[in-house]
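In: Predicted model follows, preceded by the sequence.
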Amino acid sequence: MASQAQAVAAPALAVQPKLSRDDRIMRGFIVLVGVWMVIAVVLPLYFMLSKSLEDRAGDFVGLVNYAQYFSTPALFYSIGNSLTIAAISTVITISLAFIYAYALTRSCMAGKGAFRVVAMVPLLAPSLLPAISFVYLFGNQGIIKGLLGDNTIYGPIGIVMGEVFYTFPHALMILIVALATADGRLYEAAVSLRAGPVRTFFTVTLPGIKYGLISAVFVVFTLVITDFGIPKVIGGQYNVLATDIYKQVIGQQNFQMGAVVSVVLLIPAVLAFVADRIIQGKQTSALTSSSVAYAPKPRRSYDLAMTGYCALIGFLILGIIGMAAYASFVQFWPYNLNLVLKNYDFDVMDGGGWASFTNSLRLAAYTAVFGTAIIFTGAYMVEKARGFGAVRGAIQFLCILPMAVPGMVLGLAYIFFFNHPDNPLNFIYGTMAILVICTITHFYTVSHLTAITALKQMDREFESVSSSLKVPFYKTFTRVTVPVCLPAILDVSIYLFVNAMTTVSAVIFLYSTDTALASVAALNMDDAGDIAPAAAMCMMIFYAAATVRLLHVLVTRGLARRTQAWRAR
Amino acid sequence: MRPGAGQAGDTRKPFLRITDLTKMFGSFAALRDISLEIYEREFVCFLGPSGCGKTTLLRAIAGLDIQTSGRVEQAGNDISALPPSERDFGIVFQSYALFPNLTVKKNVAYGLVSRKTARATIEARVAELLALVGLPEQGDKYPAQLSGGQQQRVALARALATSPGLLLLDEPLSALDAKVRVHLRHEVKELQRKLGITTVMVTHDQEEALTMADRIVVMNQGVIEQVGTPLEIYRDPQTAFVADFIGTMNFVPGVVQGPGRVRVGQLDLNCEVDGLSQGAAVTVAVRPEDVLVPEGKSVSENAFDARVGDMEFLGSFFRADLEAEAMGGHGLRADLSINIVRRLNLNRGDMLPVALPGERIRVFPGQ
Ligand SMILES: Nc1ncnc2c1ncn2[C@@H]1O[C@H](COP(=O)(O)OP(=O)(O)OP(=O)(O)O)[C@@H](O)[C@H]1O
Ligand SMILES: [Mg+2]
């Protein structure tokens, strides 16, 4: 007994693991990612929050600005407007995308590959582009404005139409994945139980994709409520939160009120983000490895109807792009329809000229190169480091945080933080660097999650094996991890490139005369009434994004051919 | 070898010494106060049911998941807190973790290249290793182009390439189909003997452990139940858990009657009961193959009659369910040779005289 008591009294000495050089380097990187997130997200947001509690002189005034906001109908009406637009656009987009996704996954129609590509086309255009197209189609001098009757396109109708175009591929991608991963065995069971098609749809199909569906709803809702380009171009007198921020900051130089509106916009975005995170967590557990893919059987009339539907949607998408392409060549709409190149002579117009286009290319290239390097390396460290659990968890959280921050809010927060006279990083204000940092951060989360997904598919013992062989982790990273993850790395870089080309919201507050960007130039030209040049600039962005996307396809194909020997399974 | 690390001629010096090792995951103790010595050139198996902590212990030895408390010494050095890269071991995982984008040769050479060895030396070493594991022709293939068994050998060659002092294997054979597995058991064991490398292998397959190991460490719920040679573990299980986990065992409840006597039903059995006092409730354990059918008129101890129930033909013998009234109706499985069954023309329902040799009976405290 005595010896037992002694053993209890003297607890075994806890082992303090000694860190290897690898551990120290990896932890260093992880901390750097954390520092990045703090500088690029947390501190700017903090500055913005405190700005919303200050008066113009910079003194703390508590909730005075908020009180003023909620007592000014011209301002707080926008909350209702934003929510209405987001709700209507979400319902329409999800319905249209659901049928399209259903056709692609659950029918035997022809040309699925082509329809898939066409549906992704809107991703290559800035959100201004559909708005400009709709001006040409339904505006005061629109070719088919009769279709709208007495309604004007400048307002909620135009915004919703533009948002549906812009968010369609986002919803479609999620729904295709959800429908494609549904378990075929359930359908066989439903058929053997003689359930009718309607009953099967409600008892098997819908429950099977419910997480995907909910996720798509949140993604679309967030995209719409935070979008700036479409309401700016086609919203007319109809104010929404995103345009209010712009008006307060750029129009009235009222930064405090801009901060208040930003906080108001942040709330639905954060709520949607949190809800989506919860859903995503549940979704992973719903998948089992024993699932059998559903194989549709040909049914003539049904397949034909689906083909017709997809053809119609595809026609509308290409028609909207085509309208902008056409209008960009027209000499003087609608009086002189000669096709000329003068609208591409950006240098004679305000907005930044051709330099803005090359700036955009530079921004996109820097964002793609540095963003991919930072995000993939960061994801690798966070995913594969030994120990350091609490910090890694915290950094993981910080890495998905940017998704919750609307671009307008991020951009404005950058003004407050980086333009603060006491900020030692003040010198990057107005440079290309701040645009790159802002854009990388704005699109960090999706890239990070893509990288994490790819890394999780790597055997988690690769690092163990290398350390047992005394090979430093960075050799394994470059010799094994990067080559094996190359497809995902290319996906991330193309995603960053295209988004950097097309984004408006985050950079609208941050460009300077030296760093004017194509999307911003298009916006400003449109503002100044130069709609055709704005369309031309949007098309240039589209061409650039499409070219890079095509290159990506070719490179990915080549890569697949070269590596098929070892990827074969 | 460090001077004074061991005396020449002493073949039984501990190469790996684990002392009071505990591993916590939060408040859950995956390993509790594990102490163990592993000798040089020995092949040791960690055997136990799923979740008992075998992998956790192996990873602690490797430094991949360092223990919460306790010591690990290898070759006389305290390595308790060292990261894996500062320890001396090679490891093969269940998944093999072969680098998919590197050829077999490059996989095997992986640990050699970084050691600034001359290219020709590396190539010679890789060829030697591939020959050693029986894959001399497959060097330019990628892992995905090999069968599971071949991949396993590549992983083994890669782990051995740097001539580590300790080889750690975590269920290296469990991803293979049965036939390959049996074949590789033999090969791995041969290789280990040839190289004389101290080896620890984790498995939950008792047959694997019994056929391959010099010594088996039987684990259960984070503690070591018994350490011993396969024969010791099989013949002389120290706990009811080990008796049950290894091989097949009959368990019947009994009460200690006095020194060397246990009552089961109406039967008094002669057997060792050291350390248990009279009246203690015990579990009596006996293996099916130790249930004997007395030949001729020879008087056997612990003899009684039993009724034959189901008989299952298992190839080289019958496993019969016996029911003995004398044992209070408790069932007993017995392995009967084909010979006996044929000679006695045994059928279901027949009465059969059996005997339980006292020295083969194990008695465990508690029922
Ligand atoms: N990282 C971890 N966090 C929490 N619990 C863990 C962790 N790793 C292991 N465990 C728990 O520790 C116990 C021992 O796990 P271990 O992997 O060592 O079992 P094992 O004996 O190797 O089993 P198996 O035969 O299934 O591989 C299990 O209950 C397991 O759930
Ligand atoms: Mg295990």
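Out: Cool, the structure landed. Ligands and ions are numbered 1, 2, ... in the order given.

In: Spatially central residue for chain A, please.
Out: Nearest to the geometric centre of chain A sits residue A:443, at 6.1 Å (CA atoms, centre = their mean).

In: hang on, it packs against residue A:497?
Out: No - between residue A:443 and residue A:497 there is no contact under CB atoms under 8 Å: 10.1 Å. Bear in mind the C-beta positions are built from the backbone N, C-alpha and C, glycine included.

In: what is in contact with those two at once?
Out: residue A:367 (CB atoms under 8 Å, 6 or more residues apart in numbering or on different chains).

In: which residues touch the residue nearest to the centre of chain A?
Out: By CB under 8 Å, 6+ apart, the contact list for residue A:443 reads A:367, A:371, A:402, A:495-496, A:499-500, A:503.

In: Same check on residue B:56?
Out: B:23, B:30-31, B:65.

In: Could you find the closest non-adjacent residue to it?
Out: residue B:30 (4.6 Å; CB to CB, 6 or more residues apart in numbering or on different chains).

In: Ok, residue B:91 next?
Out: In space, residue B:91 is closest to residue B:168, 4.4 Å off (CB to CB, 6+ apart).

In: List the beta-bridge partners for the one you found.
Out: residue B:91, residue B:200 (DSSP bridges).

In: Mind pulling the model confidence for it?
Out: We have a pLDDT of 96 for residue B:168.

In: and the gap between it and residue B:14?
Out: 17 Å (CB to CB, to the nearest Å).

In: thinking again about what came up before, quick check, nearest of the contacts of residue B:56 to residue A:524?
Out: Residue A:524 has its nearest neighbour among these in residue B:65, at 57.6 Å by CB to CB.

In: Is that closest one in contact with residue B:25, as I believe?
Out: No - in this structure residue B:65 lies outside contact range of residue B:25 using CB under 8 Å: 9.2 Å.

In: Top of the contacts of residue B:56 by number of neighbours, please.
Out: Neighbour counts for the contacts of residue B:56 (other CB atoms under 10 Å in any protein chain shown) peak at residue B:31, which has 25 neighbours.

In: With residue A:390 as the reference, measure out to the residue of the stretch 1-150 of chain A found nearest ligand 1.
Out: Nearest to ligand 1 in the stretch 1-150 of chain A, going by CB to the nearest ligand atom, is residue A:17, at a distance of 14.7 Å. Residue A:17 is 15 Å from residue A:390, where distance means CB to CB.

In: higher neighbour count, those two?
Out: Comparing residue A:17 with residue A:390 by other CB under 10 Å, the one with more neighbours is residue A:17, at 16 against 8.

In: contacting residues for that one?
Out: By CB under 8 Å, 6+ apart, the contact set of residue A:17 is A:387, B:63, B:66, B:81, B:83.

In: tell me the pLDDT at the closest residue to the second one other than its chain neighbours?
Out: In space, and not counting its chain neighbours, residue B:63 is closest to residue B:84: 4.2 Å by CB to CB, 6+ apart. If you check residue B:84, the pLDDT there is 93.

In: what residues are up against residue A:214?
Out: For residue A:214, the contact set (CB under 8 Å, 6+ apart) comprises A:275-276, A:279.

In: ok, the residue nearest to residue B:56 touching residue B:58?
Out: No - with contact defined as CB under 8 Å, residue B:30 does not reach residue B:58; the gap is 11.9 Å.

In: which parts of chain A sit against chain B?
Out: Proximity of chain A to chain B (CB under 8 Å from any CB of the partner chain) is limited to residues A:11-23, A:386, A:459, A:461-462, A:464-472, A:475-476, A:479-480, A:483-484, A:563, A:565-569.

In: Selecting buried members of those in PyMOL, what would you type?
Out: Here is the PyMOL command that selects only those of these that count as buried (16 or more other CB atoms under 10 Å in any protein chain shown):
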select buried, chain A and resi 12+15+17+19+20+22+23+386+459+461+462+464+465+466+467+468+469+470+471+476+479+480+483+484+563+566
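
In: Just list what the helix or strand containing residue A:543 packs against, helices and strands only.
Out: Using DSSP states H and E, residue A:543 falls within helix A:531-567. Judged by 3 or more CB pairs under 8 Å, 6 or more residues apart in numbering or on different chains; DSSP states H and E, the packing partners of helix A:531-567 are helix A:128-138, helix A:300-327, helix A:353-384, helix A:482-502, helix A:518-527.

In: Format those helices as JSON lines; extra columns: mean pLDDT and distance to ligand 1.
Out: Listed next are the helices and strands packed on helix A:531-567 as JSON lines, based on pLDDT from 0 to 100; distance: least, CB to the nearest ligand atom, whole Å:
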{"stretch": "helix A:128-138", "mean pLDDT": "94", "distance to ligand 1": "49"}
{"stretch": "helix A:300-327", "mean pLDDT": "94", "distance to ligand 1": "47"}
{"stretch": "helix A:353-384", "mean pLDDT": "95", "distance to ligand 1": "15"}
{"stretch": "helix A:482-502", "mean pLDDT": "94", "distance to ligand 1": "24"}
{"stretch": "helix A:518-527", "mean pLDDT": "92", "distance to ligand 1": "47"}
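
In: just the ones you listed: most buried one?
Out: helix A:128-138 (a mean of 28; mean count of other CB atoms under 10 Å in any protein chain shown).

In: mean confidence for the longest helix along chain B?
Out: Across chain B, the longest stretch assigned as helix under DSSP state H is helix B:178-195. Summarised as a single mean, pLDDT over helix B:178-195 is 89.

In: quick one, phi/psi of residue B:268?
Out: Backbone torsions of residue B:268, given as degrees, to the nearest 10, read phi -100, psi 120.

In: ok, back up a step: now, the contacts of residue A:214 that are in helices?
Out: Judged by DSSP H, the subset of the contacts of residue A:214 located in helices is A:275-276, A:279.

In: For residue 336, which residues are in contact?
Out: In the absence of a named chain, this looks at chain A. residue A:330.

In: please go with chain B instead
Out: Remark: with contacts taken as CB under 8 Å, 6+ apart, residue B:336 is in contact with B:293, B:311, B:317-320, B:346.

In: restrict those to those near chain A?
Out: Within these, nothing lies near chain A by CB under 8 Å from any CB.

In: Most neighbours among these, which one?
Out: The residue in these with the most neighbours, by other CB under 10 Å, is residue B:320 (25 neighbours).
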